[in-house]
Structures are given as C-alpha cells and as structure tokens.
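Engineer: Next input, structure requested:
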Amino acid sequence: MAEHASCQLTQRELRNDSGAIMRGVERGDSFTITRNGTPIGRLIPIRRRTFASGRGTRRRIADLMIASVAHVHGLPLYTTNPTGFSGLAEPVTIEAVQRPDPR
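Structural biologist: I've put the predicted structure just below:
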C-alpha cells in the first residue's frame with residue numbers, strides 16, 4: 001500500500017495554492033488546515049469504494065454518520081436498506097427491517 005503525504009497548510013496557502021492542493025487530495029494526500037497556527041479542519045480523499053457502491057457521496061456520508069452514532073452508543077443499526085451500509089467493518093450490527101404498510 002502506498003504512503004501518501006499528510007501535511008499542514010495555512011489558510012493563506014489553501015487559498016493561494018488550491019489547485020495544487022486539490023490535485024494532491026486526488027492522489028491520496030491529506031492536509032490539515034490551520035488558522036493562526038491552530039488546526040481547524042482536514043482535507044482528506046474520499047475512498048474510491050464510495051463511488052463504486054453507486055451511491056452519491058452525500059448519501060454515503062450520511063449513512064456513515066448514522067452508523068457512527070449507533071456504534072458510539074453501542075446500539076444496533078435498524079434500517080430498511082441494509083445494503084446502504086455495506087462495506088462497514090464490525091462492530092456495527094446492521095438489522096434489516098420491513099417498511100411499514102402505508103395504509
């Protein structure tokens with residue numbers, strides 16, 4: 001597995017070199033953004049597997065946020081769409097449920 005760079009950038013560097021930084025993210029590099037020397041955010045590449053699943057990035061991120069809340073609280077994740085959570089490693093337990101009859 002290839003090693004990718006991870007470095008800190010100032011807000012000014014992000015603004016002035018955004019094209020080069022985005023190309024770095026596409027290559028797999030990660031960046032921590034700082035303001036006045038304090039880290040305020042990260043730019044990290046999205047795994048290609050997200051796109052391969054056929055789901056949009058926003059929906060996948062929402063699914064991962066839901067799964068992380070279940071994990072933090074030690075709860076199973078109940079969903080009518082268990083395939084939406086495919087690729088998650090343990091310890092999240094996915095429980096499929098039926099949609100209620102709309103009558």
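
Engineer: Let's verify the residue nearest to the spatial centre of the chain: helix, strand, or coil?
Structural biologist: Centroid check for the chain by C-alpha atoms, centre = their mean gives residue 61 as the closest residue, at 5.3 Å. When classified by DSSP: H, G, I helix; E, B strand; the rest coil, residue 61 comes out as helix.

Engineer: Quick check: buried residues in the helix or strand encompassing residue 67?
Structural biologist: Element membership for residue 67, per DSSP states H and E: helix 57-72. Using 16 or more other C-beta atoms under 10 Å as the burial criterion, the residues of helix 57-72 that qualify are 60, 63, 67, 70. For the C-beta atoms, the positions are set from N, CA and C on the backbone; glycine is no exception.

Engineer: Excluding residues flanking it in the chain, which one is nearest the third one?
Structural biologist: With C-beta to C-beta, 6 or more residues apart in numbering as the measure, residue 92 is the residue that lies nearest to residue 67, at 5.1 Å, once sequence neighbours are left out.

Engineer: can you confirm residue 15 is in a helix?
Structural biologist: Yes. Applying three-state DSSP, one finds residue 15 inside a helix.

Engineer: Residue 93 versus that one, what's the distance?
Structural biologist: 44 Å (C-beta to C-beta, to the nearest Å).

Engineer: Looking at the two, which is more packed in?
Structural biologist: residue 93 (13 against 10; other C-beta atoms under 10 Å).

Engineer: Would you confirm that that one contacts residue 77?
Structural biologist: Yes. Counting by C-beta atoms under 8 Å, residue 93 does reach residue 77; the two are 6.8 Å apart.
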